[in-house]
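Enquirer: Whatever this is, show me its structure:
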Amino acid sequence: MGVFSWMTADTEEQVLIGGNDDGPVYLLDNKGKVYEEACYGGYGIFGGKDAYELLAEMNGFSYNPTEEEAEINARAGIEFRNIGIDLMYGSFYMDMEDGQLYIDGKGEKYLDFVKRLTPFHGDPIEEFGGLSINDMIESGRMKSIPMRDLIVKGSEFYPIKIMASSYSKYDDWEESETDPDQGGYNNGYE
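Expert: Take a look at the predicted model:
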């Protein structure tokens, strides 16, 4: 598993793995709930709340599987947080000739309205005469579209917002940017 790291939306400071010198950080939701985290571990959990599950919830997804569905999902490698991760980072590929949506074959198993392609962008695709996803995008035949633009249920996208101040209001700030230093201390050296 990789590290998930952000900058605070209100002060644009790093959310450091192991905790910030200035005190805790706060994950906010769009309904006013605040999750305090004093010592961020790097895995997207703030005050016991998974930021990616919160992202999915804020954007209209719910996860209340039956015991049987949960078992099937576990065998298939589907976790509710994957929906939030896909909303944050994932893309669809649209065939500009017929409007068909495609997705690479790495994951996103819960999406049944798109066709799957080979797992790597450079792999040739038989269906397209041996061209790869990259070839198709370069030629203009396919366009990459962020998942959040197509699968958010509702009219507004609610992003992840992490703050340095617990008094910050969700609607007053833009989304938290990802941290280019991956939650490690930026000491100013390039």
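Enquirer: Report the distance from stretch 144-160 to the chain centre.
Expert: Distance of stretch 144-160 from the chain centroid (Cα atoms, centre = their mean, to the nearest Å) equals 10 Å.
Enquirer: What are the contacting residues of it?
Expert: Defining contact as Cβ atoms under 8 Å, 6 or more residues apart in numbering, one finds that stretch 144-160 is touched by 6, 27, 29-30, 51-52, 54-55, 58-61, 86-88, 90-94, 101, 108, 111, 137, 174-176. Any C-beta I mention is one placed from the backbone N, CA and C, and that applies to glycine too.
Enquirer: repeat that with 7 Å
Expert: Applying Cβ atoms under 7 Å, 6 or more residues apart in numbering, the contact partners of stretch 144-160 are 6, 30, 51, 55, 58-61, 86-88, 90-94, 137, 175-176.
Enquirer: quick check: domain ranges of the protein?
Expert: The chain breaks down by automatic domain parsing into domains covering 1-60+153-190, 91-151.
Enquirer: Pull the distance from the first one to the chain's centre.
Expert: Distance, stretch centre to chain centre, for domain 1-60+153-190: 12 Å (Cα atoms, centre = their mean).
Enquirer: And for the last one?
Expert: Mean C-alpha position of domain 91-151 versus that of the full chain (Cα atoms, centre = their mean) differs by 18 Å.
Enquirer: likewise stretch 59-75?
Expert: Relative to its chain's centre, stretch 59-75 lies at 18 Å (Cα atoms, centre = their mean).
Enquirer: Can you tell me how far the residue lying farthest from the centre of the chain is from residue 166?
Expert: Using Cα atoms, centre = their mean, the residue of the chain lying farthest from its centre is residue 129. It sits 32.0 Å away. Distance from residue 129 to residue 166, counting by Cβ to Cβ, to the nearest Å: 56 Å.
Enquirer: Residue 168 against residue 8, yeah?
Expert: No. Taking contacts as Cβ atoms under 7 Å, residue 168 lies outside contact range of residue 8: 8.8 Å.
Enquirer: For those two, indicate the residue with more neighbours.
Expert: Taking other Cβ atoms under 10 Å, residue 168 and residue 8 do not tie; residue 8 has more neighbours (23 against 19).
Enquirer: how deep is the closest residue to the more buried one other than its chain neighbours tucked in, by neighbour count?
Expert: Distances taken as Cβ to Cβ, 6 or more residues apart in numbering put residue 164 closest to residue 8, at 4.5 Å, once the chain neighbours are dropped. Residue 164: 19 surrounding residues under other Cβ under 10 Å.
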